[in-house]
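Task: produce atomic coordinates for the following.
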Amino acid sequence: MDNWLSRTEMLIGKENLDKLANSTVAVFGCGGVGSYVAEGIVRAGIGNIVLIDNDVVDITNINRQLIADTTTINMPKVEVEKERLLKINPNLNIQIYKEFYNSTNSNLLNNNYTYIVDAIDTVSSKISLIEEAFNRNIKIISSMGTGNKLDPTKFEVTDIYKTSVCPLAKVMRKELKKRNIPHLKVVYSKEEPIATNTRTPASISFVPSVAGLIIAGEVIKDIINTN
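Prediction:
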C-alpha cells in the first residue's frame, strides 16, 4: 500500500498528496451521484471522509449506483459504501451517519470539514445544507438534477446564478436568492429533461456517474489549489 498513489503523485506532487490526506470531505447523499463522488475522492487520496445517508440499497438502484448490486439490496448505503472504500484504502478515516439530513440535525456538520458535497435529492434539505455551510464558511459544491437525462456531455460546472434549463437549478436559484446566498458552485446539465409521464425520475448508468466524478474532480482541484 506504500505506493498505491504513486501515479497520482506523479501528477500532483507529494505536497498535494499530503494536503489531500489531511483533508476531510463530507458527502451528503450516497446515491447515483454521491457514490461516485465518494469513490472518486478516496481513490485520489482524500484521507478523511464522512458519509451521510438514511437510505438502503434498492433493486432499482442497480442501474446507476456504484454501491448497488444483487448482494447489497436492503443494506444501508453508508455501510456498503464504508466497506467498499476501506477495501480501496484500509487506512482511510471514515465516519458514517445513517441519517436523513434536514434543518433539525445541522449537528451533522462539523467546522473541521474541508469540503462538503451536496448530493441530496430533497430541495428543502439541499437548501438547509447549503445555508448552513455558507454560515460556517465551509466550501460546498452542489449537484443539480441528473434524472431524465441521457447526454452526460451536457454537464457544466458554474455558479448557481449562471444556470439555465435545469428545473431543480431554477428552484434553487429562487430559494437561495431569498436567503441572500450570493454564490454556489454547482454541477448541472444543460440538457432538456426527457418527458416520461411519471413522477419518479428516470435514470441511466452513465449520467449521474459522470456528474459524481466531475464533482470529485472539482473537490480535489479546489483542495490542492488552496494555499
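
what's the single longest helix in this protein?
Ordering each helix of the chain by length in residues (DSSP state H) puts helix 208-224 first.

That helix - contacts with which helices or strands?
Contacts defined by 3 or more Cβ pairs under 8 Å, 6 or more residues apart in numbering; DSSP states H and E place helix 208-224 against helix 14-21, helix 34-44, strand 115-118, strand 139-143, strand 155-159, strand 185-189. The C-beta positions use only the backbone N, C-alpha and C, and glycine is treated the same way.

Enumerate the positions of it that are buried.
For helix 208-224, burial by neighbour count (16 or more other Cβ atoms under 10 Å) applies to 208-220, 223-224.

same check, this time on stretch 120-127
By neighbour count with 16+ other Cβ under 10 Å, stretch 120-127 contains the buried residues Ile120, Asp121, Ser125, Lys126, Ile127.

quick one: least confident of those?
Least confident of those in the model: Asp121, at 93.

helix, strand or coil for that residue?
Three-state assignment for Asp121 (DSSP: H, G, I helix; E, B strand; the rest coil): coil.

what's it sitting at in phi/psi?
Note on Asp121: its backbone torsions stand at phi -90, psi -30 [degrees, to the nearest 10].

coming back round to it: just the buried residues of helix 208-224 now: which is nearest Val78?
Gly212 (15.9 Å; Cβ to Cβ).

Without its sequence neighbours, what residue ends up closest to that closest one?
With Cβ to Cβ, 6 or more residues apart in numbering as the criterion, Gly212 has its nearest non-adjacent residue at 2.8 Å, and that residue is Tyr36.

so how many other residues sit close to that neighbour?
A total of 25 residues lie near Tyr36 under the criterion other Cβ atoms under 10 Å.

With the one 3 residues further on instead?
When neighbours are counted by other Cβ under 10 Å, Glu39 registers 20.

List the contacts of it.
Glu39 makes contact with Leu66, Arg84, Leu85, Ile88, Ala216, according to Cβ atoms under 8 Å, 6 or more residues apart in numbering.

and which of those is nearest Val157?
Scanning the contacts of Glu39 for proximity to Val157, where the rule is Cβ to Cβ, the winner is Ala216, at 11.8 Å.

Looks like that closest one contacts Val37 (just checking).
Yes: between Ala216 and Val37 there is a contact under Cβ atoms under 8 Å: 5.0 Å.

measure the nearest residue to Ile116 once chain neighbours are set aside to Asn3 for me?
Computed as Cβ to Cβ, 6+ apart, the closest residue to Ile116 that is not its neighbour in sequence is Ile140, at 4.2 Å. Distance from Ile140 to Asn3, counting by Cβ to Cβ, to the nearest Å: 33 Å.
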